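In: Give me the fold of what follows.
(2 chains)
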Amino acid sequence: MEKENYISIRTFCQLHGVRESFVHSMCEFEIVRVDQKKGEAMLPTEELPLLEKMVRLHNELDINEAGVQAVFHLLQQVEDLQNEVAMLKRKLDRLDF
Amino acid sequence: MEFIDYYKVLGVDKKASTDDIKKAYRKLARKYHPDLNPNDKEAELNFKKVNEANEVLSDPDKRKKYDQYGKDWQHAEEFEKAKRSRSQGRQQDFSGYTYSQSGGSAQDFSDFFESMFGGSGGFSSRRQKVRYRGEDYHAQLQLSLTDVLMTQKQTITVNGKNIRLTIPAGIEDGQTIKINGHGGPGLEGGPAGDLYITFSIVNNTAFKRDGADLFKTVEIPLTKAVLGGEIFVETLSGKVKLKVAPGTNNGTKVKLKGKGFPRYKKDGQFGDLILTYSVNIPKNLTQEQKSLFEALEKTNLT
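Out: Alright, predicted model coming up:
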C-alpha cells in the first residue's frame, strides 16, 4: 500500500526528462518533500502536481532552478492576493452605494 | 468561423525566419503560460492561440499550406482535389496533413485550425502530457444560493463518468474543490489525476452574502423609528418578529445571531444576519398629516 504512494526520483526524472539534481534542488528550496524509503529518495505522490508544474516551468520556459524557486514564491503571493481580492469583492458587493 | 492571422498572433512578419518565430513564440508562451497565470481565463485563451500559431508557423509544411491559401482557406480542400486530379499518375499524396495523436484535446484547436489542417494534434498536450500521473480535469458547476443551504449529494458526469459528489453547505461562489483521483488515468502505474470543480453560486435571495454572514436593508416607517414598535422580517428560515427601539436612527444595524448562512464544513454552525434599518421619510402627506408635522415643528422638536 505504502509503495503505491511513492515514486522514486529516478523514475520520475526518466519519465519527465529532467535531471535528478532538479528534484533535489526543489527539495532543498522546500518546494517539495522527498522521503527516504529503504535507502532510496522517494517522492510522495501528493507532491506530484506541484513538482510537475515546476518541471513544466523548467522544461517549457527554460527557467532554471533558482528562477523556479522565485516563481514559486511569487505564485504563492499571486494566490494570496487573488484570495484577498475575492474577499474584498464580496465585501464591496454587500455595500450599497 | 474567422480567418486567423497567425503572424499577427505571434507579432512577426510574414517573412519571419524559423528562428524569429521560435523567439516570438517563446516570449509569448512565457507571458501567457497557464502555470504563470493562475485563474486567468484570458491568459489561457491567449496561450492556446499562441500555441496554435506556433504549431502552424514552426512546421514548414503547415506554414506552406497556410501561406498558400491564406484567406482562401475555406476553398483549400477544393484546390487540393483539383490539384490531385491534375497530377494523376504522379505519386503525389496530399493526405499527409494529419498529425499523430499524442494525447492532446481537439478542443484546444480553433475551428479554423481544424478545418484547415484537420485532425487533432497534440501540441497543447505539452502542458498536460501524461507521463506518470494522470491529467487533471476541471469542471464548473452552477448552483443557486438556496441550493447550498444544506449539504447535498449530487451525481455529475465528467468525461462520461458518473461521480457522486457531496457539496458541503455554505460553499462559496468561485470556490474550487478537489476530488482526488477522478481525473485522467495515470501511465506506468501512476496515480490518476484529480478533478477540480469550481462552483458558481448564483444569489437567488434578497440577501447579500459575505462568507457565512448575510446582509439586508430593511425599511421602517418614520413613526416606528421615532416611537419604537414591532416589525416582521424575512430570514432564510422564515419570518421573525423584531422590536424596533424608540429613537432608532437611519442606518442602525441589528445583528440576528445564527440567522445567517451555514458555515462551510462546520456542521450546525451559522453566520449572522445583519439588518440595516433604512428609515422611510414619507413624501405624500395628507393635509392632516402635514398639519400634525407642522404642530410638531412648533414644539421645537429637534
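In: hey, let's count contacts and neighbours off CA atoms from now on
Out: Fine.
In: Return the residues of chain A in contact with chain B.
Out: Residues of chain A found near chain B (Cα under 8 Å from any Cα of the partner chain) are A:12, A:15-16, A:45, A:48, A:53, A:56-57, A:61, A:71, A:75, A:79, A:90-91, A:93-94.
In: how near is B:A295 to chain A?
Out: B:A295 is 35 Å from chain A, where distance means Cα to the nearest Cα, to the nearest Å.
In: tell me how far the helix or strand containing that residue is from the chain's mean position?
Out: Secondary structure from DSSP states H and E places B:A295 in helix B:287-298. Centroid separation for helix B:287-298 versus its chain: 56 Å, with Cα atoms, centre = their mean, to the nearest Å.
In: What residues of stretch B:198-205 count as buried?
Out: B:198-201 (16 or more other Cα atoms under 10 Å in any protein chain shown).
In: What mean pLDDT does that stretch get?
Out: Mean pLDDT, stretch B:198-205: 94.
In: ditto for stretch A:28-41
Out: So the average pLDDT for stretch A:28-41 ends up being 91.
In: End to end on it, go ahead and measure it.
Out: In stretch A:28-41, first residue to last residue: 13 Å (Cα to Cα, to the nearest Å).
In: Phi first, then psi, for residue 38.
Out: Chain wasn't specified; assuming chain A. A:K38 adopts backbone torsions of phi 50, psi 50, taken as degrees, to the nearest 10.
In: wrong one, chain B
Out: Main-chain torsions, B:P38, degrees, to the nearest 10: phi -60, psi 140.
In: if I look at it, how far off is chain A?
Out: On the measure of Cα to the nearest Cα, B:P38 and chain A end up 8 Å apart.
In: got it, and B:D35?
Out: B:D35 sits 7 Å away from chain A when distances are taken as Cα to the nearest Cα.
In: Spatially nearest residue to that residue, not counting backbone neighbours?
Out: Computed as Cα to Cα, 6 or more residues apart in numbering or on different chains, the closest residue to B:D35 that is not its neighbour in sequence is A:K53, at 6.8 Å.
In: The one you found and B:H33 touch, don't they?
Out: No - look at A:K53 against B:H33 with Cα atoms under 8 Å: they stay out of range, at 11.0 Å.
In: who's more crowded, the two?
Out: More neighbours surround B:H33 than the other of A:K53 and B:H33, with 23 against 18 (other Cα atoms under 10 Å in any protein chain shown).
In: How confident was the prediction at the more buried one?
Out: 94.
In: Let me see the contact set for it.
Out: B:43-44, B:47 (Cα atoms under 8 Å, 6 or more residues apart in numbering or on different chains).
In: hmm, back to that, buried residues, the helix or strand the residue nearest to B:D35 falls within. List them.
Out: Following DSSP H and E, one finds A:K53 within helix A:48-61. Buried residues in helix A:48-61, counted by 16+ other Cα under 10 Å: A:48-49, A:51-58.
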